[in-house]
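1. would you be able to build a 3D model of this:
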Amino acid sequence: MLEFFIAAAVFGLSGGLSPGPLLALVVSETLARGRSAGLAVSMSPLITDGPAIAAAVLLLGRIENSEPALGIVSIAGGALLTAYGVAGLRGAELEVQESEVDRKVWASLGKGVAVNFLNPNPYLFWLTIGTPILLRAHAKSWAASVGFLVVFYLCLVGSKCVLTVLVARSRTVLRGRAYILVNRILAVVLLVFAVHFIRDGILRLIS
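-> Okay, the predicted model is just below:
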């Protein structure tokens, strides 16, 4: 089960710390409305990801006996991980837009839900990367699959919450060496996983 937990931690931290629409909203809401607003936005994946996971499980469940189809999904996942890894190594900057001041935390949560629901990345991740691992974990035991989800969301949401607290204290944290170094390390690990996914996909296609 350790391999599934390691994968969950890597993907969760990468999703939580890498620049993207949701992290940009987390930062902007924190700066404009305070720490509570940023923490509310950080929680939005817990609301929006359920349908994506359910749809991916149903779809992949229908092709689980087709090695070529699973091979294509695995290669697509490897390609997506490669894109994430390369972006992480390039150190893409986080674009933060100014937000009007509004002290209602529920408004921030609503923004986070809307942004994450309309963001294609969670759907692509769960279809090509997350769900294939989740199904393999479930084949081992229900505890492995539950553990994968728990570790993933602890790291995904937890890392955004930690960043929220740090940004609330200092606006320069996202330009700090520690943040950049962590993202670079995660990018390298993602590229390692990408090689594994592509290799697995090729083996499924030629088997």
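2. longest helix in this protein, by residue count?
-> Of all the elements of type helix in the chain, the one with the most residues (DSSP state H) is helix 177-206.
3. that one: which residues count as buried?
-> Applying a neighbour-count criterion of 16 or more other C-beta atoms under 10 Å, the buried positions in helix 177-206 are 179, 182-183, 186-187, 189-191, 193-194, 197-198, 200-201, 204. Heads up, the C-betas are built off the backbone N, CA and C, glycines and all.
4. do the same with stretch 132-143
-> Along stretch 132-143, these residues count as buried under the neighbour rule (16+ other C-beta under 10 Å): 132-135, 137-138.
5. so where's this protein shaky on pLDDT?
-> 92-103 (pLDDT under 70).
6. helices along that one, start to end?
-> Counting by DSSP H, the chain has helices at residues 2-17, 21-33, 35-42, 45-62, 67-90, 105-118, 120-125, 131-140, 142-169, 177-206.
7. contacts for stretch 124-136?
-> Residues lying outside stretch 124-136 but in contact with it, judged by C-beta atoms under 8 Å, 6 or more residues apart in numbering, are 4, 7-8, 11, 15, 49, 52-53, 55-57, 59-61, 64, 70, 73-74, 76-77, 80-81, 145, 148-149, 152, 197.
8. what does stretch 68-79 give?
-> By C-beta under 8 Å, 6+ apart, the list of residues contacting stretch 68-79 from outside reads 60, 63-64, 127-129, 132, 193-205.
9. check stretch 180-196 too.
-> Outside stretch 180-196, the residues that touch it by C-beta under 8 Å, 6+ apart are 7, 10, 13-14, 17-18, 78-79, 81-82, 84-89, 91.
10. which of the residues you listed are buried?
-> If you count burial by 16+ other C-beta under 10 Å, the buried members of these come out as 7, 10, 13-14, 17-18, 78, 81-82, 84-85, 87-88.
11. which pair of the residues you listed spans the longest distance?
-> Taking every pair in the buried ones among the contacts of stretch 180-196 and measuring C-beta to C-beta, the maximum separation is 21.1 Å, between L17 and G78.
12. please name the nearest non-neighbouring residue to S44.
-> What sits nearest to S44 in space, not counting adjacent residues and going by C-beta to C-beta, 6 or more residues apart in numbering, is G112, at 3.2 Å.
13. same question for S145.
-> Excluding the flanking residues, the one nearest S145 by C-beta to C-beta, 6+ apart is H138, at 3.9 Å.
14. now that neighbour: how far from R184?
-> 32 Å (C-beta to C-beta, to the nearest Å).
15. give the contact list for L22.
-> Under the criterion of C-beta under 8 Å, 6+ apart, the contact list for L22 reads 41, 44-45, 112, 115-116, 119, 160.
16. distance to S108 added to the buried residues of stretch 132-143, as CSV?
-> Below are the buried residues of stretch 132-143 laid out as CSV (distance: C-beta to C-beta, whole Å):
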residue, distance to S108
P132, 33
I133, 31
L134, 29
L135, 34
A137, 33
H138, 34
